[in-house]
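Trainee: coords below, sequence missing:
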């Protein structure tokens, strides 16, 4: 396997590992339905603590899945559609959601 191909495969595998956590997948699904949701709102809607929510969101941001959006003193998040791998992953999640319903 070529080095570039191997790096691409590893990058995609990391994204799947990040979203392999049920809470992070729920967060992503929530943000796909309601963009620019702030940390406290995510915590409330998913019934998890604010610190745990912040940790999940930060990890997802670090892996390029989310973009922070400042709203005054609050930080909200939206899916990052600029990253090609993330965009494909988002499309896959949306397609799977449509198939499951």
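Mentor: Here it is on my side, so go on. Nothing here was measured: the structure is a model prediction, and the numbers come from that model.
Trainee: Please enumerate the helices of the chain.
Mentor: With helices called from DSSP state H, the chain shows them at 3-19, 22-33, 39-46, 50-62, 84-100.
Trainee: quick one: average confidence on the last one?
Mentor: Going back to what we said before, that points to helix 84-100. For helix 84-100, mean pLDDT rounds to 79.
Trainee: swap in stretch 33-46?
Mentor: The average pLDDT for stretch 33-46 rounds to 93.
Trainee: Any idea how far apart the tips of that stretch sit?
Mentor: With C-alpha to C-alpha, to the nearest Å as the measure, stretch 33-46 spans 13 Å from end to end.
Trainee: Show residues contacting that stretch.
Mentor: Contacts with stretch 33-46, where a contact means C-beta atoms under 8 Å, 6 or more residues apart in numbering, come from 23, 26-27, 30-31, 49-50, 52-54, 57, 69, 71, 74-79. (Each C-beta comes from the backbone N, C-alpha and C, glycine too.)
Trainee: residues contacting the nearest residue to residue 16 once chain neighbours are set aside?
Mentor: Leaving aside its sequence neighbours, residue 16 sits nearest to residue 89 (C-beta to C-beta, 6 or more residues apart in numbering; 7.7 Å). The contact partners of residue 89, by C-beta under 8 Å, 6+ apart, come to 12, 15, 16, 19, 65.
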